[in-house]
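J.: sequence and predicted structure are below.
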Amino acid sequence: MTAACTHLASTRGAATWALALLLVTGPSQAQEPLRVAVSQALSPPFVISRDNQPLAGFDIELTRLIAAQVGRRAEWQVLPRPRIEAALAAGEADLACNADPQRREGVLAGPILLEIQDLMLGHTSSPAADAPEQLPAATLVGTLLGQTYPALDPLFADGRLKRDDALSDEKLLRKLAINRHPYGVSSQPVVSWYTSQEPLEGLGGWRLQLGSRAYRCLVSARARVDSRQLLAAIAQVQASSRAIQLINDFLAPALAVVVSSRSPLKDVNRQTLVELFMGQRARLRDGSLAEPVMSADTTRQQFFNSVLKLAPADYRSAWAAQQFGGRRRAPLELIGPDAVKAYLQRNNDAIGYLPLNLVDASMRIVFLP
């Protein structure tokens, strides 16, 4: 056997031995995992846990992608929200996503991945508000421990509103559902999750937008992986189709049922909406007229799925039966969201639906599925 053949054989043998060792020991011993700090305040769809152990959710799948980008597996550490940045600064964790950056030394902020909308909502017995300043003095508002709220913090600081901190979004919403506090603040993805996936009785249908906050990942300057490599990995994941798919899977854009801000309507429940759009009623429960308006674009299917809970064929069949003999007229259908918004702005009796990112001060959210 030549020297070259001997070298090749020994190389193959070493590779085979290394592969066998990797299969026996697993990747955790072959290479240290990427330590990901996860706030215990996070709820679905960001983090889905069992027995306090993260299993799935947008944050979990995102950090899996980032870890894979640097050739590691992710290992999650559940910590109180105020401890996240301290753990990163001390080098006890390498990465944290969906954290509130406080500009701590030794912690680097990655690029903004997306914007998360914060919403105020209330118990069914609490009057709807068009602005936080409309709430009575010293009103108790459910908040997350350690979370900042730019739209509300000045009101908390001067005592016009009072915080009632909860350890997680889930606990906050459950307290709101039993009227432990009349109002609460949560993010749109969390509110939509508990409205559609695990409905909580006692939550009013109206929503008040409080502005958006940046979703980004934080990196420890003392991470096991070079921090520049980690930041580059975050940017690469952000630009990939996998990130877009994750957003679509877990954080699908919300569809808001809205009226003009000049409308007297403040709140409406799902059952009333179904009856209104299916021609089973022409007036709201207070006796006022309401003209349902639909958009003929892709949001129409989203409205069927999230609000009417009905297939398009069943909707058409139901209206065909009602229109026989000219008894009722089906809801007006306009070309798209911009046309719906313009129509609502001109007609105080109209009610329709828009993507949440198109809702501005001229609109009032009366229901958010």
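T.: Good, I have the coordinates.
J.: check contacts around the residue lying closest to Glu75 once chain neighbours are set aside.
T.: Spatial nearest neighbour of Glu75, excluding adjacent residues (C-beta to C-beta, 6 or more residues apart in numbering): Pro33 at 3.8 Å. Heads up, the C-betas are built off the backbone N, CA and C, glycines and all. With C-beta atoms under 8 Å, 6 or more residues apart in numbering as the criterion, the residues that contact Pro33 are Ala67, Arg72, Arg73, Ala74, Glu75.
J.: using a markdown table, lay out these together with neighbour count.
T.: Listed next are these as a markdown table, based on neighbours: other C-beta atoms under 10 Å:
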| residue | neighbour count |
| --- | --- |
| Ala67 | 23 |
| Arg72 | 23 |
| Arg73 | 15 |
| Ala74 | 21 |
| Glu75 | 15 |
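J.: in strands, which of those fall?
T.: Counting by DSSP state E, the members of the contacts of Pro33 that fall within strands are Ala74, Glu75.
J.: got the contacts of Pro33 as a markdown table, with pLDDT and distance to Tyr215 columns?
T.: Shown next, in a markdown table, are the contacts of Pro33 (pLDDT from 0 to 100; distance: C-beta to C-beta, whole Å):
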| residue | pLDDT | distance to Tyr215 |
| --- | --- | --- |
| Ala67 | 97 | 18 |
| Arg72 | 95 | 22 |
| Arg73 | 95 | 23 |
| Ala74 | 96 | 18 |
| Glu75 | 96 | 22 |
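J.: and which of the contacts of Pro33 is nearest to Leu135?
T.: Ala74 (41.2 Å; C-beta to C-beta).
J.: of the contacts of Pro33, which is the nearest to Ile244?
T.: Ala67 (18.9 Å).
J.: show me what contacts the closest one?
T.: Each residue near Ala67 by C-beta under 8 Å, 6+ apart is listed here: Pro33, Leu34, Val36, Arg73, Ala74, Leu95.
J.: rerun at 10 Å
T.: By C-beta atoms under 10 Å, 6 or more residues apart in numbering, the contact set of Ala67 is 33-36, 73-75, 94-95, 225, 230, 233, 237.
J.: same question for Ala151.
T.: So Ala151 contacts Asp118, Met120, Ala131, Pro132, Val185, Leu208, Gln209, Leu210, Gly211 (C-beta under 10 Å, 6+ apart).
J.: same question, Asp59
T.: 36, 38-39, 42, 45-48, 76, 96-99, 215, 217, 246, 250.
J.: quick one: the longest strand anywhere in the chain to chain centroid distance?
T.: Secondary structure assigned by DSSP E gives strand 107-122 as the longest strand of the chain. Chain-centre distance of strand 107-122: 9 Å, with C-alpha atoms, centre = their mean, to the nearest Å.
J.: just give the strands next to it in its sheet, each with its orientation.
T.: Applying DSSP bridges to the sheet, strand 107-122 is found paired with strand 183-187 (antiparallel), strand 208-220 (antiparallel).
J.: before we move on, the earlier item: so how far is Ala67 from the residue nearest to Glu75?
T.: Relative to Ala67, Pro33 is positioned 7 Å away (C-beta to C-beta, to the nearest Å).
J.: now the strands paired with strand 107-122 as JSON lines including mean neighbour count, distance to Leu108 and mean pLDDT?
T.: Listed next are the strands paired with strand 107-122 as JSON lines, based on neighbours: other C-beta atoms under 10 Å; distance: least, C-beta to C-beta, whole Å; pLDDT from 0 to 100:
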{"stretch": "strand 183-187", "mean neighbour count": "25", "distance to Leu108": "24", "mean pLDDT": "97"}
{"stretch": "strand 208-220", "mean neighbour count": "20", "distance to Leu108": "5", "mean pLDDT": "94"}
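J.: give me the low-pLDDT residue ranges for the stretch 1-150 of the chain?
T.: 1-30 (pLDDT under 70).
J.: my error: substitute the stretch 251-369 of the chain in the last question.
T.: The stretch 251-369 of the chain contains residues with pLDDT under 70 at 323-327.
J.: all helices for it, in order.
T.: Using DSSP state H, counting those that start in this stretch, the helices of the stretch 251-369 of the chain run over 270-277, 299-303, 312-323, 337-346.
J.: off-centre distance for the longest one?
T.: Taking C-alpha atoms, centre = their mean, the mean C-alpha location of helix 312-323 is offset from the chain mean by 33 Å.
J.: and that helix with helix 270-277, angle?
T.: 60 degrees (axes from the mean of the first three to the mean of the last three C-alpha atoms, to 10 degrees).
J.: what's helix 312-323 in contact with?
T.: So helix 312-323 is contacted by 277-280, 294, 300-301, 303-305, 308, 310-311, 327-331 (C-beta under 10 Å, 6+ apart).
J.: ok, back up a step: can you convert the contacts of Ala151 into TSV and add a column each for distance to Ala151?
T.: Converted to TSV, these look like this (distance: C-beta to C-beta, whole Å):
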residue	distance to Ala151
Asp118	7
Met120	9
Ala131	9
Pro132	6
Val185	9
Leu208	9
Gln209	9
Leu210	4
Gly211	5
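J.: which non-adjacent residue is nearest Ile60?
T.: Sequence neighbours aside, Pro54 is the residue nearest to Ile60 in space, at 5.1 Å (criterion: C-beta to C-beta, 6+ apart).
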